[in-house]
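The following block contains a protein sequence and its predicted model.
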Amino acid sequence: MLKLARPEILKIEPYKPGTSKLPGKKEVIKLSSNENALGISPKVVEALRAWEPKLSRYPDGACKALRQKLGETYGLNPEQLVCGVGSDELIGLLCHAYAGVGDEVLYSQHGFLMYPIYTLRMGAVPVKAPEKNLTADVEALLAAVTPRTRIVFLANPNNPTGSYLSKDKVAYLRKKLPQDILLVLDAAYCELVDADDFSEGNELVNEYPNVVVLRTFSKIFGMASLRLGWSYTSPEITDILNRARGPFNVSMSAQVAGIAALNDQEFIKQSKAHNTKWRNWLATELEKLGYKVYPSQGNFLLVEFGNAAAVDDHLRDQGIIVRRMEGYGLPTTLRITIGKENENKAVIAALSSYKK
């Protein structure tokens, strides 16, 4: 008889992505997955069409051209960059390389669900530190550190709360953490931030050997289905990640699309401008309807509804899909992705007709 899987695997609650279809609805407004309302750059579409005849070829296992373009775009050493199948894969590789049975991996209370999932895969123990006002609390994170702590994950800005920590607070966290603990700054939403005191953390990588900054092409670049992310870290950790990853982990389609996306800075500017305008508009309109909206630096809003399940059902009746937050321990809230103008207005129209 086949032996059962390792017991720690059975502890994992599978990740549940946002719903994309509704029974009986041919067309829906999907605002459940934090996708770019403007889609992808036309330059990405052109690049993928040009690459199509070469799909039979293996990709460049080192992602050399993409890393070179990333280095040029962000002023980073390409030799300290590692590309992955979304930043998700890199989270998993870091857990694989630095956390084992009995070790602890620390993250904030409402942090990304993939942190505990990858931690449990390795037989390590996920530890949640309390947040303050749905924002990561540096002192609580430091208080939760034990001799078994190996990694601290900090999503900044955080999904699903939309909150962030300032550059100075993150620097303080790194300074106070023991030097043998890895600090991973998950900056998936950093291009969407408007706050003046924010930094994705590259300067900490330059100062400390044990900091990793994670980035993704899934959000502002609109390339969610192509699964492309990357890390910036010290040469030592870069070497470890390259040893741990698969030989052809990133498809050539994703690499080609990534280079094209970086070449279209105008699309990135338009995406950010659209997000800022409609994030502010949606927050204002929701507050006019009497709902509490948590401040957000991402492309979504976390909204307090009280009876969130009933509101979600009402929105679904109107063909609008948002994200319920029970999995994040926030059962009275819904997360609403910023959509196109008509989609955002449809949300407000639907909620205006909801009887509390």
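Okay, I see it. From a predicted model like this one, the values you see are computed outputs, not experimental measurements.

Now do the buried residues in the helix ranked longest in the chain.
Looking across the chain with DSSP state H, the single longest helix is helix 265-288. By neighbour count on 16 or more other C-beta atoms under 10 Å, the buried set for helix 265-288 is 267-268, 271-272, 274-275, 278-279, 282-283, 285-286. Where you see a C-beta, it was placed from the backbone N, CA and C, and this is true even at glycine.

Out of these, which two are the most distant from each other?
With distances taken as C-beta to C-beta, the most widely separated pair in these is 267 and 286, at 27.7 Å.

ok, now how distant is residue 269 from residue 329?
36 Å (C-beta to C-beta, to the nearest Å).

returning to what we had before: give me the helices and strands touching the next helix or strand after the longest helix of the chain, please.
Scanning forward in sequence from helix 265-288 by DSSP states H and E, the next helix or strand is strand 292-294. Under the contact definition 3 or more C-beta pairs under 8 Å, 6 or more residues apart in numbering; DSSP states H and E, strand 292-294 sits against helix 265-288, strand 300-304.

Tell me what angle the shortest one forms with helix 265-288.
The reference is to strand 300-304. Here strand 300-304 points in a direction 10 degrees away from that of helix 265-288 (axes from the mean of the first three to the mean of the last three C-alpha atoms, to 10 degrees).

what's next to strand 300-304, contact-wise?
Strand 300-304 has contacts (C-beta atoms under 8 Å, 6 or more residues apart in numbering) with 34, 134, 159-162, 279, 282-283, 286, 291-294, 296, 325, 330, 332-338.

Let me see the mean pLDDT of the longest helix of the chain.
In this model, helix 265-288 has a mean pLDDT of 98.

Packing partners of that helix?
Using 3+ C-beta pairs under 8 Å, 6+ apart: helix 265-288 touches strand 292-294, strand 300-304, helix 341-352.

out of everything not next to it in sequence, what's closest to the residue nearest to the spatial centre of the chain?
Nearest residue to the geometric centre of the chain (C-alpha atoms, centre = their mean): residue 188, 4.3 Å. Leaving aside its sequence neighbours, residue 188 sits nearest to residue 216 (C-beta to C-beta, 6 or more residues apart in numbering; 4.6 Å).

For the helices and strands packed on helix 265-288, give me CSV that also has mean pLDDT.
As requested, the helices and strands packed on helix 265-288 are exported to CSV (pLDDT from 0 to 100):
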stretch, mean pLDDT
strand 292-294, 98
strand 300-304, 98
helix 341-352, 97
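
Look at residue 106 and give its secondary structure.
strand (DSSP: H, G, I helix; E, B strand; the rest coil).

How much space separates it from residue 74?
Residue 106 sits 27 Å away from residue 74, going by C-beta to C-beta.

higher neighbour count, the two?
residue 106 (28 against 14; other C-beta atoms under 10 Å).

Pretty sure the more buried one sits against residue 144.
Yes. Applying C-beta atoms under 8 Å, one finds residue 106 in contact with residue 144, separated by 5.6 Å.

so what sits against both of those two?
By C-beta under 8 Å, 6+ apart, residue 106 and residue 144 have these common neighbours: 127, 129.

Where does pLDDT dip in the chain?
For the chain, the stretches with pLDDT under 70 are 1-3, 10, 12, 15-20.
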